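Visitor: Have a look at this prediction, sequence included:
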Amino acid sequence: MGFKRTLGPPALIEGDALTAAMVGIGMNFASPPSPDPNIEDTLLAASVEGLDHEDYRVLSVLVSWLEIHAAWINADRMTTLTSRHSSDRVRAFWSAVGGWLFKDRRFARMARIYTGPRLDLLASGTAFHLRRSGEDPRFAGGPLVVPGKVLRDRKADVLTPAELARKHRAYRRRILLGPSYRADMWAELEADPSIPPADLARRTYGSFATAWHVKHDWQLLAEAQAT
């Protein structure tokens with residue numbers, strides 16, 4: 001059977017599995033971490049928990065994580081995942097994130113994934129909070145109305161890049177090689193050098209061609225080190 005590429009998981013991570021995945025990418029919640037969870041899958045699922053299930057602690061930690069680690073997100077894949085999501089609130093949030101992170105041009109396309117009317121983050125009380133604190137400066141004027149002080153700055157609940165690089169294999173490779181499918185494939189080969197290219201592509205959501213080349217390069221270096 002021929003290779004068919006997919007860009008998203010068959011289902012979003014939820015419940016205890018989501019908590020473990022968030023811990024696995026450097027968010028401090030009361031759970032043991034899952035080992036090396038996919039970064040973009042976890043970010044999307046965390047945003048759904050925060051926006052559609054109104055878990056503002058998760059959303060606060062997510063925003064703090066983005067402020068620290070955005071440079072190592074695979075922005076193209078994140079944009080594709082969020083643009084396809086059915087929730088207007090989730091798309092509005094990620095569009096607002098794209099506007100907030102506009103200095104990193106990789107997020108320019110993300111800023112355009114939601115084109116509807118402005119949406120309130122809070123189900124009620126938005127006007128009161130805006131009168132008291134104004135808009136959160138990170139999202140001011142964007143597609144999601146976020147009153148100031150609603151999403152607390154929780155950087156203490158997020159690992160630093162150095163700390164996360166010690167714990168998450170793919171994140172470490174992204175620092176070395178850039179936030180790409182190639183970096184994630186290299187990390188997978190570190191864990192399992194025997195994985196064939198098709199499985200390597202499926203695990204990382206990449207193309208077969210990229211996986212084939214990464215596998216070839218891995219084997220070339222392995223041969224060089226053996227001589």
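Guide: Structure received.
Visitor: Low-confidence ranges, this protein, go.
Guide: Scanning the chain for pLDDT under 70 picks out the ranges 1-2.
Visitor: and with 80 instead?
Guide: Scanning the chain for pLDDT under 80 picks out the ranges 1-3, 227.
Visitor: need the helices for it, in chain order.
Guide: 15-24, 39-51, 56-69, 75-83, 88-100, 126-133, 161-167, 169-177, 181-191, 197-204, 208-226 (DSSP state H).
Visitor: how close does the residue nearest to Ala30 when sequence neighbours are not counted get to Asp104?
Guide: Leaving aside its sequence neighbours, Ala30 sits nearest to Thr19 (Cβ to Cβ, 6 or more residues apart in numbering; 7.9 Å). All C-beta atoms are positioned from the backbone trio N, CA, C, and that covers glycine. Using Cβ to Cβ, to the nearest Å, Thr19 is found at 28 Å from Asp104.
Visitor: Quick check on the two: which one has the bigger neighbour count.
Guide: More crowded of Thr19 and Asp104, by other Cβ atoms under 10 Å: Thr19, with 21 against 14.
Visitor: so that one touches Ser31, yeah?
Guide: Yes. Here Thr19 reaches Ser31: they are 4.3 Å apart, a contact under Cβ atoms under 8 Å.
Visitor: got a list of what Ser207 touches?
Guide: Contact analysis of Ser207 by Cβ atoms under 8 Å, 6 or more residues apart in numbering lists 5, 181, 201.
Visitor: out of those residues, who's nearest Pro143?
Guide: Of all the contacts of Ser207, Pro143 sits closest to Tyr181, with 28.5 Å by Cβ to Cβ.
Visitor: related to what we said a few turns ago, can you tell which of the helices of the chain is closest to Pro143?
Guide: Proximity to Pro143 (Cβ to Cβ) singles out helix 88-100 among the helices of the chain, at 4.4 Å.
Visitor: and the closest one with helix 75-83, angle?
Guide: Here the directions of helix 88-100 and helix 75-83 differ by 150 degrees (axes from the mean of the first three to the mean of the last three Cα atoms, to 10 degrees).
Visitor: which strands and helices sit next to helix 88-100?
Guide: helix 39-51, helix 75-83, strand 119-120, strand 144-145 (3 or more Cβ pairs under 8 Å, 6 or more residues apart in numbering; DSSP states H and E).
Visitor: can you tell which of these is closest to Arg169?
Guide: Distance to Arg169, taken as Cβ to Cβ, is lowest for helix 39-51 among the helices and strands packed on helix 88-100, at 11.2 Å.
Visitor: who's in contact with the closest one?
Guide: Residues outside helix 39-51 that contact it (Cβ under 8 Å, 6+ apart): 8-9, 12-14, 18, 21-22, 24-25, 27, 55-56, 58-59, 61-62, 65-66, 72-74, 77-78, 81-82, 85, 87, 89-90, 93-94, 121, 168, 170-171.
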